[in-house]
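from the sequence below, what's the structure:
(2 chains)
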2 protein chains.
Amino acid sequence: MVDNLTIAIDAMGGDQAPGIVVDGISKVLESEAGIRFLVFGHKDKLEPLLEPLSYSKAFLEFVHTDSFVAMDAKPAQALRQRENTSLWAAIKSVKDEQAHAVVSAGNTGALMAMSRYCLGTLPGITRPAISAIWPTVSGPSIVLDVGANIDTSAQQLVEFAIMGSACARVLFGKDQPTVGLLNVGSEDVKGHDDVREASAILKENKLGLNFIGFIEGNGIAFGAADVVVTDGFTGNIALKTAEGMAKMLAQELRSSLSLNLMTKLGAMLSMSGLNNFKKKVDPNESNGAPLLGLNGLVIKSHGGTDGAGYANAISTASRLAQNDFTNRVINSVRNLNERMPASSESTDSDAAETNGSTPQQQSLAVSS
Amino acid sequence: MVDNLTIAIDAMGGDQAPGIVVDGISKVLESEAGIRFLVFGHKDKLEPLLEPLSYSKAFLEFVHTDSFVAMDAKPAQALRQRENTSLWAAIKSVKDEQAHAVVSAGNTGALMAMSRYCLGTLPGITRPAISAIWPTVSGPSIVLDVGANIDTSAQQLVEFAIMGSACARVLFGKDQPTVGLLNVGSEDVKGHDDVREASAILKENKLGLNFIGFIEGNGIAFGAADVVVTDGFTGNIALKTAEGMAKMLAQELRSSLSLNLMTKLGAMLSMSGLNNFKKKVDPNESNGAPLLGLNGLVIKSHGGTDGAGYANAISTASRLAQNDFTNRVINSVRNLNERMPASSESTDSDAAETNGSTPQQQSLAVSS
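Numbers count the residues shown, from 1 in each chain, chains lettered A, B, ... in the order given. Just a heads-up that it's a prediction; the model follows:
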């Protein structure tokens, strides 16, 4: 257990920030979970929202920051203009060991760029990845990368498998989480060179991962693998396509149940079932995805989440911090890396540590 | 209008063929749509199923074929062993002008390989594509490629835009269907080289397409574009991921509405609304996707469809044939091609016409 667990909050990040952020914090404060908050944002926006809350100073410290990162800012530009932004200050508090984790619902590309720059990349990891926690019929899975790396080599796909596996061990408490490579078919000949080469490396089984081979898109929602590995382009599009589909279906279901008096009455009677359904499939319920491969715990919340969803992202951060997530991932990655075939690509962990270097913009093509 | 509209049927293709195929045919016969069928399959399987049907000889002709293509056969292997298969005979009947279109719920890779080989590729088209008809809140969209081409160049993405646009004109009756390129963000800097280069070509607007720029995955289900263009790897995974998500949600909804007596009663009262919902989102309702870029009309049905879904695929084939789909696409592609910047890649239409040549296996990586 971590004493005085502290979570840094980028209060200015999110489609409806800082309103829903403060709403999320207040829900956690009310639950008396004992979590301490370090909240970064502009005083003109935050003080009127924080004032009505009845919290002990011991549980919430507010730090004024002049500026913030716009949701549509380019990552490289955000990184250049990082000083005095709430996002940078929040990440830096993790680096300075003032907080155990940082949560942001802001610009994903900027969050990744600043986190890499400030916290550095784990030894042996070429590039960090953004994971998504995906609800399935048999509990959540981890899907990565969902947008940090547009062009992904076979070696990087293997690194994603390592990071995702380490993450699933901590997050789901499974000793040997299953790992699947997303592809257009399950046979060895399917897919492009990188995905086939990654499969060949993983099949050698020198890493000790529980690799189950290729899985197809329709397997994700049915829990075909605990860890679903793919490149950031495909992962981002698959994730958003599924989210759009789920949102469309929810909208059509609502309108179909308001068709007439009879269907409305029926919907009222079915309310407990419908709420049960909503709870199972609402992305807010599993909100909060860790960025993987960093020397520090960074949690991305959905940009469009509500207060309850933001509170869930804080819970995820708290659970991972309590379980010493970062060190366990570091150890797990180190153990696995020792068994990995040598890579011809250099890691950027040193570069990221060096003040002044800028992570390549090309890899940070995630939308906010 | 086409006189004596004839549809060739590969009765042995599909997860539950030939049962659901004959079921679909009998539904269409009962509707007295005036469609004539040319049914290919093994007599031991087909005759017992066809015998109980009361149909006039004028509307159904059965042709025995010794062999069939297995759902998991490799496309190149299927092509080598094509003789005497129901799939090949059905496609060939279109080439020989005995049928106006062919429908198969069988092995997609083999269907594409044989269609290319038998019918040939349209002039100016490097490779044909598999389209999917995608239900959205504002009517169906066309998404392509969903699996015929794993590695896709910028030039090919532009060709998909041309073919998809031509298809949407005929299928949706829209003069200027909107065309969007699937990407991880909407800004020009987003995505990999091929998608950015394709966007630059489409933006020059020399083709006269109604190109609206990049769209993201969550836009598909909301009808962000009439034609959604992407490479076959991403498209296949996005399609299957969304299908898996929809199937999972339907399953969870059913189980949530059977929670207790109250929810069951509510579901009964809401039945008309729930049926309305099912009708709107059931993939069987929009079953039947044309393969694009071929000198002939080839319709792919979902492999796992039921009789009603198969009947819908036949209806799609019939509607497209009635509307002289292939010639309209040919003309539309020709008009657009005349305005297209010269490509350095050769087309394979000549090769496909020459007997003995084998389309490259690498591009036919679609699962059945």
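
ok, the closest residue to A:Ser286 other than its chain neighbours to B:Lys43 distance?
Nearest residue to A:Ser286, sequence neighbours excluded (C-beta to C-beta, 6 or more residues apart in numbering or on different chains): A:Ile133, at 4.7 Å. To be clear about C-beta, it is placed using only N, CA and C from the backbone, and glycine gets the same treatment. The gap separating A:Ile133 from B:Lys43 is 53 Å, by C-beta to C-beta, to the nearest Å.

more crowded one of these two?
Using other C-beta atoms under 10 Å in any protein chain shown as the criterion, A:Ile133 and B:Lys43 rank with A:Ile133 on top: 19 against 13.

partners of the helix or strand where that one lies, with directions?
In this structure, A:Ile133 sits in strand A:129-134 according to DSSP states H and E. Partners of strand A:129-134 in the sheet, by DSSP bridges, are strand A:141-144 (antiparallel), strand A:289-292 (antiparallel).

of these, which approaches B:Ala311 most closely?
Nearest to B:Ala311 among the strands paired with strand A:129-134 is strand A:141-144 (36.2 Å), distances taken as C-beta to C-beta.

which positions in stretch A:94-102 come out as buried?
Buried residues in stretch A:94-102, counted by 16 or more other C-beta atoms under 10 Å in any protein chain shown: A:Val94, A:Ala99, A:His100, A:Ala101, A:Val102.

mind checking pLDDT for the nearest residue to A:Asp151 once chain neighbours are set aside?
Leaving out its chain neighbours, the residue that sits closest to A:Asp151 by C-beta to C-beta, 6+ apart is B:His192, at 5.7 Å. Looking at B:His192, its pLDDT is 90.

so who does B:His192 touch?
Contacts for B:His192 were tallied using C-beta atoms under 8 Å, 6 or more residues apart in numbering or on different chains; they are A:Ile150, A:Asp151, A:Phe233.

same thing but at 10 Å, please
Going by C-beta atoms under 10 Å, 6 or more residues apart in numbering or on different chains, B:His192 touches A:Ile150, A:Asp151, A:Asp231, A:Gly232, A:Phe233, A:Gln362, A:Ala365, B:Ala154, B:Asn183, B:Val184, B:Asp231.

now swap in A:Glu47 and tell me
A:Gly41, A:Phe62, A:His64.

and what of A:Ser86?
By C-beta under 10 Å, 6+ apart, the neighbours of A:Ser86 are A:8-13, A:17-18, A:21, A:39-42, A:45-46, A:63-69, A:104, A:106.

ditto for A:Ser272
Counting by C-beta under 10 Å, 6+ apart, A:Ser272 has contacts B:Ser256, B:Leu257, B:Leu259, B:Asn260, B:Met262, B:Thr263, B:Gly266.

confirm that it sits in a strand.
No. Assigned with DSSP: H, G, I helix; E, B strand; the rest coil, A:Ser272 falls outside any strand and is helix.

now it: how far from B:Leu253?
Distance of A:Ser272 to B:Leu253, computed by C-beta to C-beta: 13 Å.

give me the beta-bridge partners of the residue nearest in space to the middle of chain A?
Per C-alpha atoms, centre = their mean, the C-alpha nearest to the average position across chain A is that of A:Ala289, at 2.2 Å. For A:Ala289, the beta-bridge partners under DSSP bridges are A:Lys300.

does it touch A:Thr305 like I think?
No. Using C-beta atoms under 10 Å, A:Ala289 makes no contact with A:Thr305, being 11.5 Å away.

give me the common contacts of these two.
Residues touching both A:Ala289 and A:Thr305 by C-beta under 10 Å, 6+ apart: A:Ala313.

not counting sequence-adjacent ones, nearest residue to A:Met248?
B:Ala221 (3.8 Å).

so the one you found makes contact with B:Pro140?
No. Applying C-beta under 10 Å as the test, B:Ala221 and B:Pro140 come out as separate, 11.2 Å apart.

neighbour count: those two, which is higher?
B:Ala221 (27 against 17).

and the stretch 51-200 of chain A, which of its residues are near chain B?
Contact residues (C-beta under 10 Å from any C-beta of the partner chain) of the stretch 51-200 of chain A with chain B: A:72, A:74, A:76, A:108-109, A:134-137, A:143, A:146-147, A:150-151, A:182-187, A:189-193, A:195.

taking those residues, please make a PyMOL selection of just the buried ones.
Per 16+ other C-beta under 10 Å, the buried members of those correspond to this PyMOL selection:
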select buried, chain A and resi 74+76+108+109+134+135+136+143+146+147+150+182+183+184+185+186+190+191+192+195
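
now, the residues of the stretch 51-200 of chain A next to chain B that are in strands?
Counting by DSSP state E, those place A:Trp134, A:Val143, A:Leu182 in strands.

including pLDDT, could those go into a markdown table?
Formatted as a markdown table, those follow (pLDDT from 0 to 100):
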| residue | pLDDT |
| --- | --- |
| A:Trp134 | 89 |
| A:Val143 | 96 |
| A:Leu182 | 97 |
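
need these in JSON lines (columns: distance to B:Asp175).
What follows is these, written out as JSON lines (distance: C-beta to C-beta, whole Å):
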{"residue": "A:Trp134", "distance to B:Asp175": "40"}
{"residue": "A:Val143", "distance to B:Asp175": "40"}
{"residue": "A:Leu182", "distance to B:Asp175": "38"}
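
from those residues, which single one is nearest chain B?
A:Leu182 (6.0 Å; C-beta to the nearest C-beta).

wait, isn't the closest one in contact with A:Phe233?
No. Between A:Leu182 and A:Phe233 there is no contact under C-beta under 10 Å: 11.4 Å.

gap between the residue of the stretch 51-200 of chain A found nearest chain B and A:Phe214?
Using C-beta to the nearest C-beta, the closest approach of the stretch 51-200 of chain A to chain B is made by A:Gly185 at 3.7 Å. Plainly put, A:Gly185 is 7 Å away from A:Phe214 if you go by C-beta to C-beta.

show me what contacts A:Leu320?
A:Leu320 touches A:His100, A:Ala101, A:Cys167, A:Val170, A:Leu171, A:Gly288, A:Pro290, A:Leu297, A:Ile299, A:Thr326, A:Arg328, A:Val329, counting by C-beta under 10 Å, 6+ apart.

8 Å instead?
By C-beta under 8 Å, 6+ apart, the contact list for A:Leu320 reads A:Ala101, A:Val170, A:Leu171, A:Pro290, A:Leu297, A:Ile299.

any of the residues you listed buried? List them.
For the contacts of A:Leu320, buried by 16+ other C-beta under 10 Å: A:Ala101, A:Val170, A:Leu171, A:Pro290, A:Leu297, A:Ile299.

out of these, the closest to A:Asp226 would be?
Nearest to A:Asp226 among the buried ones among the contacts of A:Leu320 is A:Leu171, at 9.3 Å by C-beta to C-beta.

secondary structure class for that closest one?
Classified using three-state DSSP, A:Leu171 is helix.

thought it was touching A:Ile142?
Yes. With contact defined as C-beta atoms under 8 Å, A:Leu171 counts as touching A:Ile142 (7.0 Å).

quick check: neighbours shared by these two?
Both A:Leu171 and A:Ile142 are contacted by A:Ile133, under the criterion C-beta under 8 Å, 6+ apart.

returning to what we had before: which neighbours do B:Ala221 and B:Pro140 share?
B:Trp134.

if you average pLDDT per helix and strand, which one of chain A comes out bottom?
Within chain A, confidence by mean pLDDT, DSSP states H and E is lowest for helix A:349-353 among all helices and strands, at a mean of 35.
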